[in-house]
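**Q** Sequence first, then the predicted structure:
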Amino acid sequence: MSERQVFPAALFDQAGLNRQHVFAIDALPEAIRSTLGDTENFRQLILLGHGGKRLWACVQAAGMVGEHPIDDYVVQTVAQIFAEHFADQKYRIVYPGDGPVGLQQLGKLAGWHHPSPFMVGIDDEWGSWFAYRAVILADTDFLPFYAVDRSNPCPSCSERPCISVCPAAALANGEFALDKCIAYRRQDGSACQYTCLARSACPVGSEHHYSEAQLRHAYGISLRMIRQLYG
Ligand code: SF4
Ligand code: SF4
């Protein structure tokens, strides 16, 4: 590739992967680089995320039926875009995958992540309705990205409805009590089996609130993990 290219954001936007950031691998902190495996043949790390409802609609439209429909869709979409537009560039997907990639660390560097009381990242555009979807190593030469400059809405939120609505009082003491949250979610008839009432109570970015089906999918995964670990 002789000239630096503009990242093809529209291709990923259309597919519901509407949060993107390109990093130079050389400029990443060692703590992140060390989690990526062999990076020798790659120059850039592409972080993809989704914000809001579009990705789930795309996954449904694509008819993904496996156990991990979002991951399967993302891997398929990345393969398609590279095959059709960047066939000469090598790439390797490190997330989704088994490696311990620091997604929130990358999110902080990209300006996406601010901590919320319920331990999900938040910003003042999407609220908490976004997630990390792919980390790709590539030998692309896209123009570099600058971190987005969005503020954390929590410090100026005086009413803090997320804290008062949690039925387990898991946010009540100034730090997130994961044990209380898990104990409540495991209960028969828990209102948080397939959602987080605290997250839903936050007014920031509420227009991007996931559909019930998307919530059921996302929280169903964590509920299965809780049941495997704690019965
Ligand atoms: S309700 Fe307020 S404190 Fe809670 S996550 Fe939303 S902005 Fe932050
Ligand atoms: S899932 Fe339920 S119990 Fe856990 S933090 Fe959210 S509101 Fe509280």
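**A** That came in fine, so what should we check first? Numbers count the residues shown, from 1 in each chain. Ligands and ions are numbered 1, 2, ... in the order given.
**Q** tell me the phi and psi of the closest residue in space to Asp123 that isn't next to it in sequence?
**A** Setting aside the residues directly before and after it, Asp123 is nearest to Arg150 in space (C-beta to C-beta, 6 or more residues apart in numbering), at 4.2 Å. C-beta here means a position set from N, CA and C on the backbone, and glycine is covered the same way. With angles defined as degrees, to the nearest 10, Arg150 sits at phi -110, psi 140.
**Q** repeat for Gly107
**A** The phi and psi torsions at Gly107 (degrees, to the nearest 10) take the values phi -60, psi -40.
**Q** can you check Phe130 too?
**A** Phi and psi for Phe130, reported as degrees, to the nearest 10, are phi -150, psi 160.
**Q** Which residue is the nearest non-sequential neighbour of it?
**A** Spatial nearest neighbour of Phe130, excluding adjacent residues (C-beta to C-beta, 6+ apart): Gly51 at 4.0 Å.
**Q** next one: Phe118
**A** Closest residue to Phe118 apart from its sequence neighbours, by C-beta to C-beta, 6+ apart: Ala198 at 4.5 Å.
**Q** who's in contact with the one you found?
**A** 117-118, 162-163, 165-166, 170-171 (C-beta atoms under 8 Å, 6 or more residues apart in numbering).
**Q** got it, and Arg54?
**A** The neighbours of Arg54, taking C-beta under 8 Å, 6+ apart as the test, are 16, 18.
**Q** what comes up buried for the longest helix belonging to the chain?
**A** For the chain, the helix reaching the highest residue count under DSSP state H is reported as helix 212-230. Burial within helix 212-230, assessed by neighbour count using 16 or more other C-beta atoms under 10 Å, is assigned to 214-215, 217-219, 223, 226.
**Q** State the distance from Leu215 to Leu229.
**A** Separation of Leu215 from Leu229 (C-beta to C-beta, to the nearest Å) stands at 21 Å.
**Q** What of Glu40?
**A** From Glu40 over to Leu229 the distance is 37 Å, taken as C-beta to C-beta.
**Q** do the same with Arg4
**A** Per C-beta to C-beta, Arg4 is found 46 Å from Leu229.
**Q** again, but for Thr140
**A** If you measure Thr140 against Leu229 using C-beta to C-beta, the figure is 39 Å.
**Q** other SSEs contacting the helix or strand containing Ile93?
**A** Under the criterion DSSP states H and E, the helix or strand holding Ile93 is strand 91-95. For strand 91-95, the elements it packs on are helix 69-85, strand 130-138, judged by 3 or more C-beta pairs under 8 Å, 6 or more residues apart in numbering; DSSP states H and E.
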